[in-house]
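Student: Structural data only, the sequence is not supplied:
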């Protein structure tokens, strides 16, 4: 079906463009897309708790915690106890973090961001609605996704292991069903 092939080819091109931009961002600034989005959100908020940051960037608390750990190790953010509630930790940019976000490009490709901004609101909304429909058609609504264009992993090794473990658990029943089906077909042949 030519239309399906065209759609798939377009999706692959979009994915590849995201990957190339993410790689450029990583090579030039040493940041993944999710790290840049978190840095920008922290810069906009001033001081923010990790859980509030997770909500802002639409990532899980565990993912944001790992990102904050990596940013803190590079001395781009600092953690301090809240003056209002000593139980809370707040994250803020360091001068190095501020300098980096002032130099770093948009998490979106600049050309794409410029062209998108020039479109009439009705066209931007149509694109948004169409992409949401594609996500729905692919049963991908539950997949974590920050408002960024990045294919770079934002998970820690532990998170990746957990995801793989969950995937294996979901595949086990299917594997058992497949084995029973194969055995049933063998039985018919004998």
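Tutor: Received, thanks. Keep in mind it's a predicted model, so treat the numbers as computed, not measured.
Student: need the strands for this protein, in chain order.
Tutor: Taking DSSP state E, the strands of the chain run over residues 47-48, 77-81, 89-93.
Student: and residue 120, which of the ones you listed is closest to it?
Tutor: Closest to residue 120 of those is strand 47-48 (CB to CB; 33.7 Å). C-betas here are computed from N, CA, C, even on glycine.
Student: Other residues contacting that closest one?
Tutor: Under the criterion CB atoms under 8 Å, 6 or more residues apart in numbering, residues 41, 42, 56, 80, 90, 91, 92 lie in contact with strand 47-48.
Student: Would you check which pair of those residues lies furthest apart?
Tutor: Maximum pairwise distance among the contacts of strand 47-48 (CB to CB): 18.6 Å, between 56 and 80.
Student: So between the two, which is more surrounded?
Tutor: Between residue 56 and residue 80, residue 56 has the larger neighbour count (other CB atoms under 10 Å), namely 19 against 11.
Student: Would you confirm that the more buried one contacts residue 43?
Tutor: No. With contacts counted by CB atoms under 8 Å, residue 56 stays clear of residue 43, the gap being 11.5 Å.
Student: Tell me which of the strands of the chain sits most buried.
Tutor: strand 89-93 (a mean of 19; mean count of other CB atoms under 10 Å).
Student: Could you list every helix and strand in contact with that one?
Tutor: Helices and strands in packing contact with strand 89-93 are listed as helix 33-45, strand 47-48, helix 50-57, strand 77-81; criterion 3 or more CB pairs under 8 Å, 6 or more residues apart in numbering; DSSP states H and E.
Student: same thing but 10 Å
Tutor: Counting contacts by 3 or more CB pairs under 10 Å, 6 or more residues apart in numbering; DSSP states H and E, strand 89-93 packs against helix 33-45, strand 47-48, helix 50-57, helix 61-73, strand 77-81, helix 95-103.
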